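Colleague: Sequence and predicted structure are below.
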Amino acid sequence: MKLLFTKKTLPHDQCIKVRWPPEDRDLSWVSLFLVPTEEDKRKGWSVGTESKETFLEFLRACTPPNSYTYALLAPGDHEHGRMLNDLRASGLRYMEEKGLARKKRLLHNWLKPTGEGYIYVSGVDWRFVPSWFENYIGWTSVPYMFVFSSKPLENWEKELMNLKGPIVKEFLRKVELLVWNHFDHGIEAAGFHVRIGELEAAARDLSQKLNMALEVRETGQPF
């Protein structure tokens, strides 16, 4: 396997949907994927623990200092109750999707978690993020999303709930960055304040740490 870092990822409808055209130059969309080499294609390949390590390292690099962090989590079958128990123990503020759905009918449900609905988290603490990837598997089917903002989001539950539908530029103008994993294949980040150089440097550091080749591409789709 090798790492593929794309500086300008072209919009696609996998994992998320967006409401801007491919030629849009106002915002940045970068991605880091684990992709098979030519030898892997001949002999076969599989993604192991490298995906979790890649996601966590890249997510750390994406995190602006002193930012307010929110998460949209998608536990899988039989994981929902366990994740709720873990969140209660952590002391983090969270809201269940079904609690919000009683207040507002869900209009965008094209990508559904396999368990009992999304869980929205405010004030994400980095101490707990690794366990969300290590102790659950729902993220391999429905992506986690992380929102970084320089100030608290008003009605944060509603803002996170809206991420289930097409992502709009108006939301990205309110925040610093939106980051999500592309199932277990890669991780992507979009926004008006993407520090592309720093993220490329993080990708190079990660390639050395994992002893994987790194390909840097200016533009394209990583799959």
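Modeller: Sure, I can see it.

Colleague: Pairing partners for the residue positioned nearest the centre of the chain in the sheet, please.
Modeller: Nearest to the geometric centre of the chain sits Trp180, at 1.2 Å (Cα atoms, centre = their mean). Taking DSSP bridges as the rule, Trp180 bridges to Met145, Glu188.

Colleague: which residues sit in contact with it?
Modeller: Residues in contact with Trp180, defined by Cβ atoms under 8 Å, 6 or more residues apart in numbering, are Cys15, Ile16, Pro143, Tyr144, Met145, Phe146, Ile187, Glu188. Bear in mind the C-beta positions are built from the backbone N, C-alpha and C, glycine included.

Colleague: Tell me which residues are up against the lengthiest helix in the chain.
Modeller: If you go by DSSP state H, the chain has its longest helix at helix 196-210. The contact list for helix 196-210 (Cβ under 8 Å, 6+ apart) reads 2-3, 5, 7, 28, 30, 32, 50, 53-54, 57-58, 60-62, 189, 212-214, 216.

Colleague: Which strands and helices lie in contact with the helix or strand just after it?
Modeller: Downstream of helix 196-210, the next assigned helix or strand under DSSP states H and E is strand 214-220. Secondary-structure packing of strand 214-220 (3 or more Cβ pairs under 8 Å, 6 or more residues apart in numbering; DSSP states H and E): strand 2-9, helix 196-210.

Colleague: Can you list the neighbours in contact with the shortest one?
Modeller: So that's strand 2-9. Residues outside strand 2-9 that contact it (Cβ under 8 Å, 6+ apart) are 28-37, 54, 186, 188, 196, 199-200, 203, 206-207, 210, 212-222.

Colleague: per-residue confidence averaged over that strand?
Modeller: Throughout strand 2-9, pLDDT has a mean value of 96.

Colleague: Next: the last one.
Modeller: Taken as a whole, helix 196-210 has an average pLDDT of 96.

Colleague: now the angle between strand 2-9 and that helix, please.
Modeller: 170 degrees (axes from the mean of the first three to the mean of the last three Cα atoms, to 10 degrees).
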